[in-house]
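Chemist: any chance you can model this:
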Amino acid sequence: MPRNTTTKAASKRSSGTAQKSDETMLKELFLDELKDIYWAEKHLTKALPKMSKASTSQELSNAFQNHLTQTEGHIGRIEQVFELLDTPARAKKCDAMEGLVKEAQSLLEELPKGTMVRDAGLIIAAQKVEHYEIAAYGSLVQLAKTMGENEVADILAQTLDEEKQTDQLLTELAVSGINLGAEEEPEE
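Modeler: Below is the predicted model of the structure:
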């Protein structure tokens, strides 16, 4: 008589205890998404210095530099997660991050140098990146918890918190003067 895997999975969920899984489709999905964000973070380390250099405001430039340091830490955490899962750290091209970075580069080409409008555009581009990362890390944390990988979930939750803090900082920079400065700049 064939085993009813649906009933087995349902009883596992209803018991409220997640157990570590070996090779499941969920773990495959998790690892695929982990490879995706690994590539994204590495790609971002190339974009952040350019965004910092392109900033008019020293505060925004510093925020990008600080986030570069954080991003390097995020890469280290991802590598730690791969190690905990006994899986080689491999990246898989992230089309979303590639697109977001291209969009930021286009913005830099379109907006005039040395303007607060350019900084406002950089903040928008950076917040799009942060929101993508928040979604990715939030999903990874929940998948890790579901798989019973609580240490992995805790590690990824640290990065999730930092991404949320960066998003908040970018909002604060925008409302503390960059957007008002941009509003006052005349059209070219």
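
Chemist: so where's this structure uncertain?
Modeler: Applying pLDDT under 70 to the chain flags residues 1-22, 188.

Chemist: pick out the residue nearest the middle of this protein.
Modeler: In the chain, the C-alpha nearest the mean C-alpha coordinate belongs to Glu133, at 2.2 Å (Cα atoms, centre = their mean).

Chemist: that residue is in contact with Glu163, isn't it?
Modeler: Yes. The pair Glu133 and Glu163 qualifies as a contact (Cβ atoms under 8 Å) at a distance of 4.6 Å. No exception for glycine: its C-beta is placed from N, CA and C like everyone else's.

Chemist: whichever strand or helix holds Leu107 packs against which elements?
Modeler: Secondary-structure element containing Leu107, defined by DSSP states H and E: helix 95-110. For helix 95-110, the helices and strands in contact under the criterion 3 or more Cβ pairs under 8 Å, 6 or more residues apart in numbering; DSSP states H and E are helix 25-54, helix 116-146.

Chemist: if you compare those, which one is most tucked away?
Modeler: The highest mean neighbour count among the helices and strands packed on helix 95-110, using mean count of other Cβ atoms under 10 Å, belongs to helix 116-146: a mean of 20.

Chemist: hey, C-alpha coordinates of whatever helix or strand comes next after it in CSV?
Modeler: Following helix 116-146 in sequence order, the next helix or strand is helix 150-173 (DSSP H and E). Output of helix 150-173 as CSV, limited to C-alpha atoms (Å, rounded to 0.1, in the frame of the first residue of the first chain):
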residue,chain,number,x,y,z
ASN,A,150,16.8,27.6,13.5
GLU,A,151,20.5,28.5,13.6
VAL,A,152,20.3,29.3,9.9
ALA,A,153,17.1,31.3,10.5
ASP,A,154,18.8,33.3,13.2
ILE,A,155,21.8,34.1,11.1
LEU,A,156,19.6,35.2,8.2
ALA,A,157,17.4,37.2,10.5
GLN,A,158,20.4,39.4,11.5
THR,A,159,20.8,40.3,7.9
LEU,A,160,17.1,40.9,7.5
ASP,A,161,17.2,43.4,10.4
GLU,A,162,20.2,45.2,8.9
GLU,A,163,18.4,45.5,5.6
LYS,A,164,15.3,47.0,7.3
GLN,A,165,17.6,49.5,9.2
THR,A,166,19.2,50.6,6.0
ASP,A,167,15.8,51.1,4.4
GLN,A,168,14.8,53.2,7.3
LEU,A,169,18.0,55.3,7.2
LEU,A,170,17.5,56.0,3.5
THR,A,171,14.0,57.2,4.3
GLU,A,172,15.3,59.5,7.0
LEU,A,173,17.9,60.9,4.7
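
Chemist: let's see the helix holding Leu107 as PDB, backbone CA atoms only.
Modeler: Taking only C-alpha atoms (Å, rounded to 0.1, in the frame of the first residue of the first chain), the coordinates of helix 95-110 have been written out as PDB:
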ATOM      1  CA  ASP A  95      18.100  38.700 -12.600                       C
ATOM      2  CA  ALA A  96      16.200  40.900 -10.300                       C
ATOM      3  CA  MET A  97      19.300  42.500  -8.700                       C
ATOM      4  CA  GLU A  98      21.000  42.800 -12.100                       C
ATOM      5  CA  GLY A  99      17.900  44.700 -13.300                       C
ATOM      6  CA  LEU A 100      17.800  46.900 -10.200                       C
ATOM      7  CA  VAL A 101      21.500  47.800 -10.500                       C
ATOM      8  CA  LYS A 102      21.000  48.600 -14.200                       C
ATOM      9  CA  GLU A 103      18.100  50.800 -13.400                       C
ATOM     10  CA  ALA A 104      20.300  52.700 -10.800                       C
ATOM     11  CA  GLN A 105      23.000  53.100 -13.500                       C
ATOM     12  CA  SER A 106      20.500  54.500 -16.000                       C
ATOM     13  CA  LEU A 107      19.300  57.000 -13.300                       C
ATOM     14  CA  LEU A 108      22.900  58.200 -12.800                       C
ATOM     15  CA  GLU A 109      23.300  58.800 -16.600                       C
ATOM     16  CA  GLU A 110      20.000  60.700 -16.800                       C
END
